[in-house]
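*Asks:* Any chance you could fold what I've pasted below:
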Amino acid sequence: MKKALFLFIAILAAALLISCSDSVTEQEAEIIASGTDEETPPEPVRLNFDAAYVRTNGYHDGFTYPRAVVISDRAQLDEYYEQNKELYDFSHKEEVYSDTTMGFADAMEKYDDGWFSEKTLLICVLEEGSGSIRHEVTKVEKTGGDLDINIERIVPYACTDDMAEWHIIIELDKTEAGGADSVRIALETPDGAFY
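*Replies:* Numbers count the residues shown, from 1 in each chain. This is a model prediction of the structure:
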């Protein structure tokens with residue numbers, strides 16, 4: 001009896017396996033052979049860039065940071081300026097002292113239509129709990145339609161007790177950066193920094 005039951009189960013299992021193998025489509029066979037049904041993601045491409053760091057201050061409740069905006073022409077830059085000039089200090093600076101940076105208006109001067117024919121701006125806006133914290137863009141990569149920006153936070157041993165907003169202006173080649181759908185910003189804080 002046990003042998004007959006075992007033989008019946010074996011024949012039933014074989015029949016099920018044979019019927020299942022016939023139902024695999026050509027596409028499913030390719031997926032099974034490759035091990036996945038997803039496309040291989042594109043490799044990240046490291047982009048050349050220049051960056052300027054402009055302290056713009058302007059604390060506002062309800063704002064989330066970091067924020068990013070891609071600017072493709074002078075008209076977009078002027079629109080960004082008009083929309084945000086009451087929120088941040090975009091003034092011209094006659095003198096740059098050791099604890100300040102150039103003004104946003106000073107940085108904007110070189111970005112004319114000719115400049116935008118070959119370049120694109122990426123503006124990253126950050127907020128820090130201390131004005132002593134500085135930044136350095138360490139890497140800009142494009143993966144498909146995504147721009148990934150790595151920014152190192154330079155945190156001194158002793159910090160001032162004042163908040164600061166920063167506009168980090170990143171200059172990119174228009175052909176390399178073109179077609180970006182999204183921007184992701186990764187802030188890197190050194191080990192041991194308390195801020």
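*Asks:* Next, the contact list for the residue nearest to residue 104 when sequence neighbours are not counted, please.
*Replies:* Once flanking residues are discounted, residue 104 sits nearest to residue 90: 4.0 Å by Cβ to Cβ, 6 or more residues apart in numbering. Bear in mind the C-beta positions are built from the backbone N, C-alpha and C, glycine included. The contact partners of residue 90, by Cβ atoms under 8 Å, 6 or more residues apart in numbering, come to 56, 81, 84, 103, 104, 105.
*Asks:* gap between residue 60 and residue 112?
*Replies:* Residue 60 sits 30 Å away from residue 112, going by Cβ to Cβ, to the nearest Å.
*Asks:* tally of neighbours for residue 168?
*Replies:* Close neighbours of residue 168, defined as other Cβ atoms under 10 Å, add up to 21.
*Asks:* I figured it was touching residue 123, is that so?
*Replies:* Yes. Between residue 168 and residue 123 a contact is recorded at 7.2 Å, counting by Cβ atoms under 8 Å.
*Asks:* Where does the residue nearest to residue 104 sit, in terms of helix or strand?
*Replies:* Residue 90 belongs to no helix or strand when assigned by DSSP states H and E.
*Asks:* ditto for the one 4 residues further on
*Replies:* Using DSSP H and E, no element contains residue 94; it sits outside every helix and strand.
*Asks:* could you show me where the helices are in this protein, in order?
*Replies:* Here the chain has its helices, by DSSP state H, at 2-22, 26-34, 74-84, 104-108, 113-116, 174-177.
*Asks:* which of these has the lowest average pLDDT?
*Replies:* Out of these, helix 26-34 stands lowest, with a mean of 46 (criterion: mean pLDDT).
*Asks:* re earlier: which of the contacts of residue 90 has the most neighbours?
*Replies:* Within those, residue 104 tops the neighbour count with 24 neighbours, counted by other Cβ under 10 Å.
*Asks:* who's in contact with that one?
*Replies:* Residue 104 sits next to 54, 56, 81, 88, 89, 90, 91, 167 when contact means Cβ under 8 Å, 6+ apart.
*Asks:* Name the spans of this structure whose pLDDT lies under the cut-off.
*Replies:* Along the chain, segments meeting pLDDT under 70 span 1-38, 95-101, 192-195.
*Asks:* how's it carved up into domains?
*Replies:* The record assigns the chain these domain ranges, following automatic domain parsing: 2-34, 45-188.
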